[in-house]
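S.K.: what follows is a predicted protein model with its sequence.
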Amino acid sequence: MAALLLVLIGALLVTAVARSREIAAPLLLVLVGLAVSLIPGVDEPHIPPEALLTVVLPPLLYAAALESSYLNFRARIRPIAHHGVLQVVVTTAVIGWIASVLVPELPLSSALVLGAVVAPPDAVTAAAIGRQLKLPRGIMTVLGGESLINDAAALTLYRMAIAAVAGTAPSFAHGAGMFALAVGVGVLVGLLLGVLAHTARTHVPDVLVSTVLGVLVPFVAYLLAEQFHGSGVLAVVTAGLYVGHNQPRARSAGRLQEQTVWASINLLLESLVFALIGLQLHEVVNEVGQRRDIGLLVVDGLLLLLATMAFRVLWMYGSNLVPGLPALVRRGDTGGRWRRTAVLSWTGMRGVVTLAAAGAVPYTTADGAEFPARNAIQFLAFVITVGTILIQGTTLPWVIRRLRVSDPQETERDDRAEAGARRTATAAALRHLDELRPADLGYDEQRFHRVVNRMKGLIEHQGMTAAEQIGRTPAERADTTGKKFAELRRDLLEVERRAMADERDAGRIDDEVLRRVLRELDMQEAALDSSWRNR
């Protein structure tokens, strides 16, 4: 436990350095972990393989689902399902077959485990780059939707492939039935947990309690679905989509708190997984090297890396050519159909799901025999993951800029839609204020009108700030009345905080009073339009 805690602290420090210097944190974590593992006397921390899937994946997938758009997901469900499920199945078969041909010690059953491990792309990095470079929403929807369901498909195939290694794999018909059962049970359990989680968020008065209950949702959904032979991953994704879609109906304090909690959990788990992979790589290389020339295995890994990247490109373009298949990119989309497809073809980076699944390959089969080529599977998965991050992850921004697929008009359309929605919301709030009477607030006539007029001024000001941004460049957005108002309000809140701290230091108020006032001031600052910081 102490060793794991040290790994966690070290991983967070490395991640902090990477983020401050805009370096790919996964690559740096793996390299630092590998360097540490080479130090004499350093023991590799051992974690049960199944724990990686049970503890790491559910919260990561749930947090991603919370940030996804159910409406956009539903609008493009056909291309998402085509690429998130069918592509995973075919990738598993193709890469598995190629691996069995290239690597003599990999029987086809073990090679299919490798194929399932590397089949699902991790769109987290791609989505982050896409948001930064203003990729059109259609591409972002396909990326996000694919990443949510491809993990469920890949892990279902992964479990079936592991069963095949032990000789307990079902027939094709039985396997198809198992897959359908996994999907049905997963969706049902996820929907049930999503409804319960949303009910807790809206009815549990204590924000801390409701937040903790929300943190438990992905683990309960995953374990409950797996208990009934369903897809735990799909249950987590379904629950996350439901809860995320109903976020506007939850308490604002809960939303603010959950955003911070899930961002912290994501950072913690992703840092831990990549650090553990780096620490374990030295031992994996040593064990693989005892059975085969490590240089030849590296060459095989690079060939599989090229095959994995090339297959995604062929699949994406082939989907546009074959009649009857759902269009990945619609005709007439800004940026050109082929250029958009090229960008999506280059977003095949593998990540934490691949590494966690590779690390979760059992040491032995069900009958107690050694799992064939387990270390080779882990090593090849590592080569493919790092290779895609290094090649595609670092060049994706250049590809997006070079192909010019950004949609500058989409930002303006969003600004206009936001301004219209704010006008509607402002009108509704003003109508509500007009309907109030002094007795409703328990105020006398004079105080009532003073308070209402102040509220009307604040609401009208907030409603106008969005309209100011329409058609503005990022530089122009930084110089607006709304921006200056927000900055002045934050400055005044900071002055109030310092004054309260001075009162505490002078002994005129207690720390308990200070904390209560500070929380109120912090909530006021959080209520400011945080988007001004990013415009």
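M.R.: Yep, it's here. Quick caveat, the model's predicted, so the values are computed rather than measured.
S.K.: relative to Arg447, how far out is the most centrally placed residue in the chain?
M.R.: For the chain, the residue nearest the mean C-alpha position is Ala64 (3.4 Å; C-alpha atoms, centre = their mean). Using C-beta to C-beta, to the nearest Å, one obtains 48 Å as the distance from Ala64 to Arg447. From N, CA and C alone the C-beta is placed, and that goes for glycine too.
S.K.: give me every residue that touches Arg508.
M.R.: Neighbouring residues of Arg508 by C-beta atoms under 8 Å, 6 or more residues apart in numbering: there are none.
S.K.: helices of the stretch 151-300 of the chain, residue ranges please.
M.R.: Listed in chain order, the helices of the stretch 151-300 of the chain (DSSP state H, counting those that start in this stretch) span 172-203, 207-227, 232-245, 252-289, 294-321.
S.K.: could you tell me the least trusted of the ones you listed?
M.R.: Ranked by mean pLDDT, those bottom out at helix 252-289, which scores a mean of 77.
S.K.: now whichever strand or helix holds Gly138: mean pLDDT?
M.R.: Using DSSP states H and E, Gly138 maps to helix 137-165. For helix 137-165, mean pLDDT is 79.
S.K.: and the end-to-end length of stretch 435-453?
M.R.: End-to-end distance of stretch 435-453: 13 Å, with C-alpha to C-alpha, to the nearest Å as the criterion.
S.K.: can you name the residues in contact with that stretch?
M.R.: Under C-beta under 8 Å, 6+ apart, the answer for stretch 435-453 is Leu433.
S.K.: list the buried residues of it.
M.R.: Using 16 or more other C-beta atoms under 10 Å as the test for burial, stretch 435-453 gives Tyr443, Phe448, Val452.
S.K.: sorry, back to before: compute the inter-axis angle for the helix holding Gly138 and helix 207-227.
M.R.: Put simply, helix 137-165 runs at 50 degrees to helix 207-227, going by axes from the mean of the first three to the mean of the last three C-alpha atoms, to 10 degrees.
S.K.: tilt between helix 137-165 and helix 172-203?
M.R.: Interaxial angle of helix 137-165 relative to helix 172-203 (the same axes, to 10 degrees): 130 degrees.
S.K.: what's the angle from helix 137-165 to helix 232-245?
M.R.: The directions of helix 137-165 and helix 232-245 differ by 160 degrees, with the same axes, to 10 degrees as the criterion.
S.K.: what about helix 137-165, distance to the chain center?
M.R.: Its chain's C-alpha centre and that of helix 137-165 lie 14 Å apart, by C-alpha atoms, centre = their mean, to the nearest Å.
S.K.: repeat for stretch 503-512
M.R.: Centroid separation between stretch 503-512 and its chain, computed with C-alpha atoms, centre = their mean, is 43 Å.
S.K.: same check, this time on stretch 32-40
M.R.: Centre to centre, stretch against its chain (C-alpha atoms, centre = their mean), the figure for stretch 32-40 is 29 Å.
S.K.: list of residues touching that stretch?
M.R.: 10-11, 14, 42, 44, 274-283.
S.K.: just the buried subset of those residues, please.
M.R.: Buried residues within the contacts of stretch 32-40, counting neighbours by 16+ other C-beta under 10 Å: 10-11, 14, 44, 274-282.
S.K.: and the residue nearest to Leu8 when sequence neighbours are not counted, how many neighbours does it have?
M.R.: Nearest residue to Leu8 in three dimensions, chain neighbours excluded: Leu272, at 5.6 Å (C-beta to C-beta, 6 or more residues apart in numbering). Other residues near Leu272 come to 22 when the count uses other C-beta atoms under 10 Å.
S.K.: correct me if wrong: Leu272 contacts Leu5.
M.R.: No - assessed by C-beta atoms under 8 Å, Leu272 is found out of contact with Leu5, at 10.5 Å.
S.K.: helices or strands up against the helix or strand that contains Phe73?
M.R.: Applying DSSP H and E as the criterion places Phe73 in helix 70-75. Counting contacts by 3 or more C-beta pairs under 8 Å, 6 or more residues apart in numbering; DSSP states H and E, helix 70-75 is packed against helix 137-165, helix 232-245.
S.K.: buried residues, the last one. List them.
M.R.: Right, helix 232-245. Neighbour counts over helix 232-245 (16+ other C-beta under 10 Å) mark 232-245 as buried.
S.K.: then stretch 388-407?
M.R.: Buried positions in stretch 388-407, judged by neighbour count with 16+ other C-beta under 10 Å: Thr388, Ile389, Ile391, Gln392, Gly393, Leu396, Val399, Ile400, Leu403, Val405, Ser406, Asp407.
S.K.: good, we can wrap up now.
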